[in-house]
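S.K.: make a model of this:
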Amino acid sequence: MIAMTRKRSAILTSRSAMLLGGLLLLALATIVFVYIEVTQSKEELLDLVRSEASTVIETLNRGGETTIRANSELETALMERLIVSAKLIDHLEEHTPEARLRLTSRAEELNLALILLLDASGRITASSLPPETRSHNEQHSPEMQALIDPILRGTYTWTADAGIHCSCTGDTLFVVAHDRRSAPGAVVVGLLSADLREIRKRLGIGKLVQDIGRENGVVYVVLQDEDGILTASERVTRMSSFAEDSLLRAALSGDTVLTRIVEYEGEMVFEAVSGLRIPDAQPMLSRIGLSLGLVQSVQQRSMRRVILIALGFFVTAAILFIFLLLRQRYSRLEQEHEQVRSYHELVLDGIADAVIAMNTDGRIILVNRAAEAILGRPSDELRNEQYAELFTEDPLLLTRTRDSQAPVAYEETTIEGSGSDRRHLAVSTSFVHTRDGQVSSIVAIARDISLQRRAQEQLERQGRLTAMGELAAGIAHEIRNPLNAITIIAQRFQAEFEPQEDVEEFKQLNRTIRSEVERVNNIITQFLEFARPPQLMLERANMAALLQKSIDVIRSRAKLNDVTLTVLVEEDLPVRADREKMQQVLLNLLQNALDAVDSGGEIKCIACRRDDTILISIADNGGGIPADLQSKIFNLYFTTKAEGTGLGLSIVHQIISEHHGEISVTSSEGHGTTFSIRLPVR
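M.R.: Predicted structure coming up:
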């Protein structure tokens, strides 16, 4: 035995080592696979970002080409407007000398930032500027001087520049200079370059750049040329120039979208760069930076997943290894537990009384075989179910015991069985406590006392019927003698007396006397038979055949009264019975059912075998029997019919009792009545 144990331990150890090695290899293979998958996922994400960046760049370039052309047309239109404004001011100066004093208001009317009137030497003779700035009127910036010199020399009629710094205002202006007709000199008018840029920003490529820059995941959008940034998205202050960035030079000379990953303000950004070429304009570049946060987040999650999977495999391998080392002991404990559990179930199933346990939440946790029989359900349908939902009337007193915290020593209850079967139970309950004294469950032990209760009721009822029958027999003997005398007198009257008139009436009265005496005599005979029933003529019989024969007897009457007969009878229902007496029982019950239902009603006859018992049920959907009368219907002389004698059901009860059977009734007013018969199989 020891050798076998050692051998099993060695085999178990070898298998444990093999399993552990296999788990480690599997963990390593899984880590490699996940790493490859992470790398591939990263490349796929970068491809997706690259495709997105290329699409945005293409959109920006197309929009840029269109916008730059529109800006050129806009500048031409503004320049023409400024030329017209300069001519208008010169005209007003020539014909309205006082107009010189209103240049400030005239600038506001024409939406101009600057109006200057210059003499032939270039000296400012009038200005739209506020008085506080006119101390600088004698000075011109080099750009402004270069603009007006050709006009003063008569070389050009007008000149224009979109980016002149004016010392008069301190701003950069879009300026047009035009010669004067009224006197030698020039008229200078200008718009703020900032206003022009704002128009471009709202209507041109600046707006497109800002819109793209606000998209989720876009870090920056920049349009630049060799001189620097032309327009950019918000918060962009400085970008690398062509001179210091070889990729920008390559993109400028090529016709493809170049991409790279760069650092921008402490963040890794996926940048796409593409050249933008527009006729009559210097080369430009479109640059867009997309956030790599999603890619990095996915990569970090993947790496964490790899680490977690590796740790999970290592922990699992360790747990399995420890589990295998403890398996032998656990297996032994499991076998011992199984033996204890089997013994426990064997003991419980061997108990004749029903045992049911419920936890404090109301769920059934234990059901033995006797409880299955009493409750009419297998344990699989009872375990883990709510006791209060299955048994609303609390027949086992478990709910009451839990709520009151008081065990029940002994109490009799009833529970509905299958069909009309009702079981009487003797119930006691108790608590099961944990080690710390808390209630863990409530146990009910129930004994089926239905047979004892029915036997007791049968004996009591039979005793009452026997006593009443003997009393009736004594009275019947006393009544029968006067009845015989009345019968003889009636016969003599008919034979010896002949009235002179009303002969037919006399004969009718005589016949009535004799028939009523005969009816009373028949009742007396039934009383005597009830009190001293003849010995049963028992023989083997099939209750199915007897019931079918009785149904055939009443079938025509049922059809006449429009009553439906539903028959559900098993074929083989063997009993030892007095055929005539049993036929009398069935006919009596069927006749009563017919009397109880109205036209259109239904009578249902069911007969089947359950173990060693024949069950017969005759039910109707008539008016039912009041609850206070149901306990009296088998009593002698009790009847609810106007012409009844009160003997029928008493005799039925007596015949069933003589066959060692039982008969019971269940009824509900307005829903009908059911008579149930239980006979032993013989």
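S.K.: could I get the average pLDDT for the lengthiest strand in the chain?
M.R.: In the chain, with assignment by DSSP state E, the single longest strand is strand 422-433. The average pLDDT for strand 422-433 rounds to 88.
S.K.: chain center to it: distance?
M.R.: A distance of 38 Å separates the centroid of the chain from that of strand 422-433, by CA atoms, centre = their mean, to the nearest Å.
S.K.: list the strands paired with it, with their directions.
M.R.: With DSSP bridges as the test, strand 422-433 is paired with strand 411-416 (antiparallel), strand 439-448 (antiparallel).
S.K.: can you pull out the residues in contact with that strand?
M.R.: Residues outside strand 422-433 that contact it (CB atoms under 8 Å, 6 or more residues apart in numbering) are 354, 357, 374, 395-398, 401, 407-417, 439-450, 452-454, 664, 666. C-beta coordinates here come from the backbone N, C-alpha and C atoms, glycine included.
S.K.: where along the stretch 201-350 of the chain do the strands fall?
M.R.: Using DSSP state E, counting those that start in this stretch, the strands of the stretch 201-350 of the chain run over 218-225, 228-232, 258-264, 267-276, 284-291.
S.K.: extract the CA atoms of stretch 269-285 and return them as PDB.
M.R.: Written as PDB, here are the backbone C-alpha positions of stretch 269-285 (Å, rounded to 0.1, in the frame of the first residue of the first chain):
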ATOM      1  CA  VAL A 269       3.400  64.500 -33.000                       C
ATOM      2  CA  PHE A 270       2.800  62.800 -36.400                       C
ATOM      3  CA  GLU A 271       3.700  65.500 -39.000                       C
ATOM      4  CA  ALA A 272       2.800  65.400 -42.600                       C
ATOM      5  CA  VAL A 273       4.400  68.000 -45.000                       C
ATOM      6  CA  SER A 274       3.400  68.700 -48.700                       C
ATOM      7  CA  GLY A 275       4.400  71.400 -51.200                       C
ATOM      8  CA  LEU A 276       1.900  73.900 -52.400                       C
ATOM      9  CA  ARG A 277       2.600  75.500 -55.800                       C
ATOM     10  CA  ILE A 278       0.400  78.300 -57.100                       C
ATOM     11  CA  PRO A 279       1.100  80.300 -60.300                       C
ATOM     12  CA  ASP A 280       2.600  83.700 -59.800                       C
ATOM     13  CA  ALA A 281       3.300  82.900 -56.100                       C
ATOM     14  CA  GLN A 282       6.400  81.800 -54.400                       C
ATOM     15  CA  PRO A 283       6.600  78.100 -53.300                       C
ATOM     16  CA  MET A 284       4.800  77.300 -50.000                       C
ATOM     17  CA  LEU A 285       4.400  74.300 -47.700                       C
END
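S.K.: ok, back up a step: out of the strands of the stretch 201-350 of the chain, flag the one nearest Ala177.
M.R.: Nearest of the strands of the stretch 201-350 of the chain to Ala177, taken as CB to CB: strand 228-232 at 26.2 Å.
S.K.: between the closest one and strand 284-291, how many degrees?
M.R.: Using axes from the mean of the first three to the mean of the last three CA atoms, to 10 degrees, the direction of strand 228-232 lies 60 degrees away from that of strand 284-291.
S.K.: neighbouring strands for strand 228-232, and are they parallel or not?
M.R.: Strand 228-232 has its sheet partners listed here by DSSP bridges as strand 218-225 (antiparallel).
S.K.: residues contacting the partner strand, please?
M.R.: Contacts of strand 218-225 (CB under 8 Å, 6+ apart): 56, 60, 64, 205, 209, 212-213, 229-233, 235-236, 239, 241, 264, 267, 269, 276, 282-291.
S.K.: only the buried members of those residues: can you turn that into a PyMOL selection?
M.R.: The PyMOL command for the buried members of the contacts of strand 218-225 (criterion: 16 or more other CB atoms under 10 Å) is given here:
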select buried, resi 56+60+64+205+209+212+213+230+231+232+233+236+239+269+276+284+285+286+287+288+289+290+291
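S.K.: let me know the pLDDT of the closest residue to Asp598 other than its chain neighbours.
M.R.: Nearest residue to Asp598, sequence neighbours excluded (CB to CB, 6 or more residues apart in numbering): Gly622, at 7.1 Å. Note on Gly622: pLDDT of 90.
S.K.: which residues touch Gly622?
M.R.: Contacts of Gly622 (CB under 8 Å, 6+ apart): 593, 596-598, 601, 672-673.
S.K.: in CSV, list those residues along with secondary structure, distance to Leu92 and neighbour count.
M.R.: CSV is the format used below for those (DSSP: H, G, I helix; E, B strand; the rest coil; distance: CB to CB, whole Å; neighbours: other CB atoms under 10 Å):
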residue, secondary structure, distance to Leu92, neighbour count
Ala593, helix, 124, 27
Ala596, helix, 123, 19
Val597, coil, 120, 21
Asp598, coil, 118, 11
Gly601, coil, 117, 19
Gly672, strand, 116, 22
Thr673, strand, 121, 24
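S.K.: give the residue farthest from the middle of the chain.
M.R.: Gln500 (98.2 Å; CA atoms, centre = their mean).
S.K.: SS state for it?
M.R.: Three-state call for Gln500 (DSSP: H, G, I helix; E, B strand; the rest coil): coil.
S.K.: in this structure Val295 contacts Val49, no?
M.R.: Yes: judged on CB atoms under 8 Å, Val295 makes contact with Val49 at a distance of 6.7 Å.
S.K.: where do the contact lists of those two overlap?
M.R.: Common neighbours of Val295 and Val49 (CB under 8 Å, 6+ apart) are Phe270.
S.K.: now Asp255: how far from Gly275?
M.R.: Counting by CB to CB, to the nearest Å, the separation of Asp255 from Gly275 is 7 Å.
S.K.: who has more neighbours, these two?
M.R.: A count of neighbours by other CB atoms under 10 Å puts Gly275 above the other of Asp255 and Gly275, at 19 against 8.
S.K.: can I assume the more buried one is in contact with Leu248?
M.R.: No: the pair Gly275 / Leu248 is not scored as a contact, 9.4 Å apart, by CB under 8 Å.
S.K.: now for the two: what residues contact both?
M.R.: Residues touching both Gly275 and Leu248 (CB under 8 Å, 6+ apart) are Leu285.
S.K.: for the nearest residue to Val262 once chain neighbours are set aside, give its distance to Leu398.
M.R.: Setting aside the residues directly before and after it, Val262 is nearest to Glu271 in space (CB to CB, 6+ apart), at 5.2 Å. Applying CB to CB, the value for Glu271 to Leu398 is 75 Å.
S.K.: just checking, which helix or strand of this structure averages the lowest pLDDT?
M.R.: Within the chain, no helix or strand scores below helix 193-203, which has a mean of 61 by mean pLDDT, DSSP states H and E.
S.K.: which residue ranges form the strands in the stretch 451-600 of the chain?
M.R.: Assigned by DSSP E, counting those that start in this stretch, the strands in the stretch 451-600 of the chain fall at 539-542, 564-569, 574-577.
S.K.: that concludes my questions; thank you for your assistance.
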